[in-house]
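Visitor: based on what follows, work out the 3D shape:
(one chain, ligands or ions: 2)
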Amino acid sequence: MNPIYQRIYEHAKPYLRTRKNLIHTKIALGYVLELLKREKGKEDGVIPAVLLHDVGWKTIPEKLHLTAFGPNPSNPKLARVHEVEGAKIAGIILEKLHYPPKKVKEICQIIRGHDSRKRPLSQNDRMVKDADKLTRYSQKGMAIDLDRFHIPRREYLVFLEAIIDDWFLTPTGKGIARKEILLRKKGHRLRG
Ligand SMILES: [Fe+2]
Ligand SMILES: [Fe+2]
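Guide: Ligands and ions are numbered 1, 2, ... in the order given. Here you go, the predicted structure:
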């Protein structure tokens, strides 16, 4: 991987130490690298956007996080704050690292609507959205969500499987999600 991405990650780290976002970001990075192998996207836009997409959570007090997202958020406006503030922080980090200004603009736009924007802006945007959602299908990501939302595992698996076609924006994203669901189901059966 290009060393600039490591530098971006180092700068993102202090902002990601909340809401288990360090692990979330690492998982999303793994998925976006998979997506980049099979989808046409530009890594110099997609990778920094994934690394920085959730830095904005650091601006929101931890005790309010669970009111902002999840099955029944009581304060969903806060989720918007993490996008807007995250885009600002990402811009500052990327400018400090002399990242190309055109790319900085694109990355910040992606981050500003990574959860709330229904219509993707570009293929790069689709890939960032898919990588972010795929984290919920990973073993670790799912364990975090089950613990966080207190949902029965069986119920959550049914929900995640049913929403694949609506949620994922790239064929590769859908394919990975289906594969992961099969693995999680298998794990579920083994656990009894
Ligand atoms: Fe987010
Ligand atoms: Fe995220």
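Visitor: can you list the buried residues in stretch 99-106?
Guide: Residues of stretch 99-106 classed as buried under the neighbour-count rule (16 or more other CB atoms under 10 Å) are 99, 103-104, 106. Bear in mind the C-beta positions are built from the backbone N, C-alpha and C, glycine included.
Visitor: swap that for stretch 24-39, sorry
Guide: 24-25, 27-29, 31-32, 34-36, 39.
Visitor: likewise for stretch 79-91?
Guide: Result for stretch 79-91 [16+ other CB under 10 Å]: buried residues 79, 81-83, 85-87, 89-91.
Visitor: so which of these are in helices?
Guide: 79, 81-83, 85-87, 89-91 (DSSP state H).
Visitor: point out where the chain drops to low pLDDT.
Guide: 191-192 (pLDDT under 70).
Visitor: so which residues on it come close to ligand 1?
Guide: Listed as neighbours of ligand 1 in the chain under the rule CB under 5 Å from the ion: 54, 115.
Visitor: center of the chain - which residue?
Guide: Asp132 (2.4 Å; CA atoms, centre = their mean).
Visitor: leaving out chain neighbours, which residue sits closest to it?
Guide: Ala28 (5.5 Å; CB to CB, 6 or more residues apart in numbering).
Visitor: can the helix or strand containing the one you found be found next to ligand 2?
Guide: For Ala28, the host element (DSSP states H and E) is helix 21-38. No. For helix 21-38, no contact with ligand 2 is found by CB under 5 Å from the ion; the gap never falls below 5.6 Å.
Visitor: want to throw the ones in helices among the buried residues of stretch 79-91 into JSON lines with distance to Glu10?
Guide: What follows is those, written out as JSON lines (distance: CB to CB, whole Å):
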{"residue": "Ala79", "distance to Glu10": "26"}
{"residue": "Val81", "distance to Glu10": "25"}
{"residue": "His82", "distance to Glu10": "21"}
{"residue": "Glu83", "distance to Glu10": "23"}
{"residue": "Glu85", "distance to Glu10": "20"}
{"residue": "Gly86", "distance to Glu10": "17"}
{"residue": "Ala87", "distance to Glu10": "19"}
{"residue": "Ile89", "distance to Glu10": "14"}
{"residue": "Ala90", "distance to Glu10": "14"}
{"residue": "Gly91", "distance to Glu10": "17"}
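Visitor: please consider this matter closed, and thank you.
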